[in-house]
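Engineer: Need coordinates for the following:
(2 chains)
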Amino acid sequence: MEKIVQGMKPSKTLQILRQSDGYYLTNTARDLSQSDFKNRILLHTDLLAAESRENANYFSLEITGGASVHVDILRKQVDPFLKLELLRERMPNTMFQTLCRGVNLFGYRPYPQNVIRFAVREFAKYVDVWRVFDFMNHIPNMQAVFEEVQLADKILEPSICFSTGPEHTDEFYVGKVREILDVTGEEIILCIKNHGGLGTPKRIGELVSAIKQNYPELVIHYHGHNTDGNDIGRITAAVINGAAIVDASDHAFTGYYGPPPLLSVIHTLKEYGKTAVGLNEEAVIETSEVLRNERDHYEYFESQFKGFSPTVQIHKLPGGAMGSSFEQAVKGKFLDKMPTILHDELPKVQIELGNWWSVTPGSQILWTTAVTNVLEKDRYGNPSGDLKNLLLGKYGPFPFYRPADWIYEKVFGSNWQKILEEEGGVEDIEDIDIEKEREVLTERLGHKPTDQQLVTYLQHHNDAVNFFKFEEEFGKVYVLPPSIFLRRGGYKLGESLMFKDHYGKEHVIEIGPKQKDEKGEWSIYLNVDHQERNYTFMEETTETVAAAGPKLSKKEIEDLAKAGDIRATFSCNVCEIVVKEDDEVVVGDKLAVVEAMKMQTPVVSQVEGTVVEIHAKVGDALKPGDKIMKIITDVK
Amino acid sequence: MKKILIANRGEIAIRIIRAAQELGYKAVAIYETPDTEALHVRVADEAIWLGDGPRKDYLDIAKVIRAVRKSGADAVHPGYGFLAENPEFAKACEEAGLIFIGPTSEVITNLGNKVIAREIMAGANIPMVPGTPNLSPGDAGVQEALAFASEYGYPIMLKATAGGGGRGIRRIENDSQMKEQIPMARAEANAAFNNDNVYLEKVVINPKHVEVQVIADSFGDVVHLGTRDCSIQRRNQKLVEIAPSMIQDRSIIDSICETAVKAAKAANYTNAGTVEFLVDKDFNYYFMEINTRIQVEHTVTEMVTGIDIVRTQIKLAFGKKLLFQQEDVKIRGHAIEMRINAEDPKNNFMPEGGKTVSIYRSPGGYGVRLDGFVYQGYTIPEVYDSLLVKLTVHGYSWNETVDRLRRCLKNFVITGLKTTIPFYLELVNDPDFQKGDFDTSYLETHAHLLDYEEQNTEINKLAKLIADIHYKEENTYAI
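Structural biologist: Here you go, the predicted structure:
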């Protein structure tokens, strides 16, 4: 059997897959990082594992996509393209796989078609296998990506998102496969995307079998999560029933919400007479030996709650959202409400809103709505902007049924039907002038950006600029191992930090004393390559904290809004200021749009008057009570 | 054993100490209190403290002569600056029976007085920028000035005879300014120099500054060591000097050099000196002055000729004959010197004195020469000039020399204070500089070269993040 290697024509790869008796494995390192480590596994760690992962002969390594591109620039401070370039150098034969949303790509909001196409073209220079999905399984939403991937001569892997419930029949899913094939033709891999790890092995076996009966030549890639601890059961059923590729990852890092361990999959399927084609088990073991020592440094990002969550079958949260949901519950101090949210409200909202697929951005809509419903004790009384868009059908038509009228009424008021009629339907986003964006970015950076930088910027404007500036100030920090980059509590006096920089030079930094003078200025002494250096930091004094103003209660913030003093009601980033100074506004006018937890929420005027002062600007990170703008109510 | 006292500080003191020690002589340093930690004191064989200074003790002829006596030195080398071109000092040495390493006090006196110098040069038919003798007092002088202006045209420089170093000079653009400025210039010169004589000189627009190193023994032999171009200056202060001049026409260069030798002979010059010329865009050249001392930029001439000028100076001062003739002097390749100063070029070259050198890592290798005096941990005194080290590179071709210079600048690490290095890095990448195309207007016409990012190495950036993580006890950029 010929080996599948990077650079092969997609048709050739598909031919090998179709003729194979065994099955193939994708190492979903990215999904593991996202589901069990809040996306924080650093490039440094992936580089350590590169050699043995290359030797393992996977079908592919899923190493980019999902939310990872955003976290690369936001938290890991690494260029998502440089990451792929460096991994490619060390892994010339392994295909790289990505996961992207049809309309959102790697962001959280629909992008214009020309942005999507430009981004796919740039990423396709490094990415060989493109898994594409839409949370409404609305095939037209994925068309632009389909076309660009095929134009780039890369492997297209459209997904059908999977869930459970009376509507989720084999017939429905086979119909969706047909819709996809009608658009793409047969030279694809079909992904069954089980992002929640839902259903039993039996159910998955049936689904694979049903698709195979209709499309015997179709190459199926099963993707699951181990949230309930039973994904190996589902994987086994998928392969026995004809799936050609399945997902798992390195056991040294497997947790609760991501992929199961590769080796366990291999051992289980061996008993059923199924062989992982070409796979080098020793290299799989070696990867985990290399990775094992790194895991400790990521402890802070692992789930606070240990153990599998079989109740996922009830709440259906995708593996990628489990960690962040619990994190939000801890930060928002509603951990005690979690059983109610997860096991009562979320399933209820799920059904009420149409029982579609709980995956980005739908999972955020479901989650935020359920949380708000419980915390505000007013179901659908505080709808997010994204919930409104969903109800208006902006993301696509409801696949099974439309939510009940009372929900529309609650969200939009008594004239909801008129609003639905006037504003409803899939939003056509106009192309933007990319060259103009390039000019804006040039101005913000002070130099001409590369195409890759522009692609990153077009998806995450402010975070991209912040990252480029970070890189100018702090250099290429992927060279720092997690033991340095993610260290908590400071380094030890006398500790030696050793690493090689991006340009291949070895450095050593010794930690010297840390002292404070009477004015509150801290001096940090480092011995950098045997030269002493001093860094000073001004301690945040009680005065500077006080200058930030007293903390306002939620009630006070609302009262101020009614007086025209518009403030942030929660911690958020400003993504848009809709009005300008001297604009006249009426009740209900959109003033600004803020974003928190990937969700955009409009800030709406509660008064009629004139905008006299705008305090916030796009990109600002606001805390509750921070000023956004001031409106003076008209004296008539 | 012979002993030489070096009446100077900084890099030039060290340069002279090296030459003295190579000759097997003992070198005596003098110093003021701010120079207690200075390197010239450490490398000298003996050192004598002059006083608390600053500057005034280095300038105190009586104190320096006492120090020479105390040390028992036979000779004094004045370096550049301080007492180097003060004829009183040379005279004091002569009267004390000491060997002054330089020309005689009489030559220094004559060449230091611009009017006398011009008279000597005029007598030898040396081409000079058209100018006048001292203007007659009162209205007669003004009339002389206006007549000069109608013959040669504006702009014209009005200069105080006793001025120097850029002081007492004003640029005149028209007749009415001329009438107005002459009395003012006189009043000012009288107040500043106690001498109200003024004279005129035609302005040469955007000239090249070309100078010739000459060397003369006391037996009448005068040779030149070729040209240097010092056009790249900041407010009359040289920053970059190259040898030889980039003027391609050999006949012009030869003619300038021969003129320089003729000028030195006319002045009865002995020891090493520099004849400075202005060269206009049509390659007309005009005598400017003779500097009666070793110059900062002598290193570039040494590199291209292979002749140790300071060693030669000492030998000639001790009465030796020149060991080489004009035909023995060969110019090989190109040399460039850059003055690495403790200054912030972005902030109008503001001196960075008072700061401590936290890292000093200098380049080396083939064709590289360093004349400096700072070391890691050294605090730059605020009271002296800002020159830290002269980087001189030598190469076979001009391109090779520029490439070598760029490499050296990139590898030169001086931290703890700002230096001119990042500015020079811009300069070596400038196409005009790379073509060798520059005149004294270079910095004005290339102001964009000052618009550079502060040099920041990758490890410094990473170290900054590590300091941040250490201080905040977490990486706030990753959380």
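Engineer: The residue nearest the centre of chain B: what's it in contact with?
Structural biologist: Nearest to the mean C-alpha position of chain B, by CA atoms, centre = their mean, lies residue B:296 at 4.1 Å. Shown in contact with residue B:296 (CB atoms under 8 Å, 6 or more residues apart in numbering or on different chains): B:12, B:80, B:238, B:241, B:337, B:339, B:387, B:390. From N, CA and C alone the C-beta is placed, and that goes for glycine too.
Engineer: Now the first one. Nearest residue, chain neighbours left out?
Structural biologist: The shortest distance from residue B:12 to any residue other than its chain neighbours is 4.1 Å, reached at residue B:79 (CB to CB, 6 or more residues apart in numbering or on different chains).
Engineer: Any idea how many residues pack against the one you found?
Structural biologist: 26 (other CB atoms under 10 Å in any protein chain shown).
Engineer: again with the one 3 residues further on
Structural biologist: Applying the criterion other CB under 10 Å, we find 19 residues in the vicinity of residue B:82.
Engineer: picking that back up, could you tell me which of the contacts of residue B:296 belong to strands?
Structural biologist: Counting by DSSP state E, those place B:238, B:241, B:337, B:339, B:387, B:390 in strands.
Engineer: Among these, show me the least confident.
Structural biologist: Across the ones in strands among the contacts of residue B:296, the smallest pLDDT goes to residue B:238, namely 90.
Engineer: Could you look up the SS state of residue A:317?
Structural biologist: coil (DSSP: H, G, I helix; E, B strand; the rest coil).
Engineer: these two touch, right, it and residue A:364?
Structural biologist: No - Residue A:317 is beyond contact range of residue A:364, at 10.3 Å (criterion: CB atoms under 8 Å).
Engineer: between those two, who's got more neighbours?
Structural biologist: residue A:317 (27 against 23).
Engineer: so who does the more buried one touch?
Structural biologist: A:196, A:325, A:342, A:346, A:358, A:363, A:367.
Engineer: any idea how far the nearest residue to the third one once chain neighbours are set aside lies from residue A:259?
Structural biologist: So that's residue A:342. Among residues not flanking residue A:342 along the chain, residue A:315 sits closest, at 4.2 Å (CB to CB, 6+ apart). Note on residue A:315: its distance to residue A:259, by CB to CB, to the nearest Å, is 20 Å.
Engineer: One more: residue A:587?
Structural biologist: Using CB to CB, residue A:587 is found at 50 Å from residue A:259.
Engineer: More neighbours: which of these two?
Structural biologist: Per other CB under 10 Å, whichever of residue A:587 and residue A:259 has more neighbours is residue A:259, with 32 against 10.
Engineer: what sits against that one?
Structural biologist: The neighbours of residue A:259, taking CB under 8 Å, 6+ apart as the test, are A:28, A:31-32, A:35, A:224-226, A:231, A:247-249.
Engineer: Assign a three-state SS to it, would you?
Structural biologist: Under the three-state scheme (three-state DSSP), residue A:259 adopts coil.
Engineer: can you tell me how far it sits from residue A:455?
Structural biologist: From residue A:259 to residue A:455 the distance is 28 Å (CB to CB).
Engineer: what do you get for residue B:458?
Structural biologist: Taken as CB to CB, the span from residue B:458 to residue A:455 is 25 Å.
Engineer: Which one of those two is surrounded by more residues?
Structural biologist: Comparing residue B:458 with residue A:455 by other CB under 10 Å, the one with more neighbours is residue A:455, at 24 against 16.
Engineer: Secondary structure element for the more buried one, which one?
Structural biologist: Using DSSP states H and E, residue A:455 sits within helix A:451-459.
Engineer: so how many other residues sit close to whichever residue of the stretch 151-300 of chain B sits closest to chain A?
Structural biologist: Closest approach between the stretch 151-300 of chain B and chain A, counting by CB to the nearest CB: residue B:234, at 26.3 Å. Using other CB under 10 Å, residue B:234 has 18 neighbouring residues.
Engineer: With the one 5 residues further on instead?
Structural biologist: Counted by other CB under 10 Å, the residues lying close to residue B:239 total 23.
Engineer: Same question for residue A:281.
Structural biologist: 14.
Engineer: same deal with residue A:402?
Structural biologist: 14.
Engineer: Please name the nearest non-neighbouring residue to it.
Structural biologist: residue A:354 (6.9 Å).
Engineer: ditto for residue A:622
Structural biologist: That would be residue A:568: by CB to CB, 6+ apart, it lies 3.8 Å from residue A:622.
Engineer: the longest helix in chain B is where?
Structural biologist: The longest helix of chain B (DSSP state H) is helix B:175-193.
Engineer: what about the following helix or strand past it, average pLDDT?
Structural biologist: Counting by DSSP H and E, the next helix or strand C-terminal to helix B:175-193 is strand B:198-202. What strand B:198-202 shows for mean pLDDT is 90.
Engineer: what do you get for stretch B:5-14?
Structural biologist: 97.
Engineer: Output that stretch as PDB, nothing but the C-alphas.
Structural biologist: What follows is stretch B:5-14, C-alpha atoms only, in PDB (Å, rounded to 0.1, in the frame of the first residue of the first chain):
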ATOM      1  CA  LEU B   5      54.100  63.200  29.300                       C
ATOM      2  CA  ILE B   6      50.800  63.200  27.500                       C
ATOM      3  CA  ALA B   7      49.000  66.400  28.200                       C
ATOM      4  CA  ASN B   8      45.600  65.000  27.300                       C
ATOM      5  CA  ARG B   9      43.000  62.500  28.200                       C
ATOM      6  CA  GLY B  10      40.600  60.000  26.600                       C
ATOM      7  CA  GLU B  11      41.200  58.000  23.500                       C
ATOM      8  CA  ILE B  12      44.000  60.200  22.200                       C
ATOM      9  CA  ALA B  13      46.000  60.000  25.400                       C
ATOM     10  CA  ILE B  14      45.800  56.200  25.000                       C
END
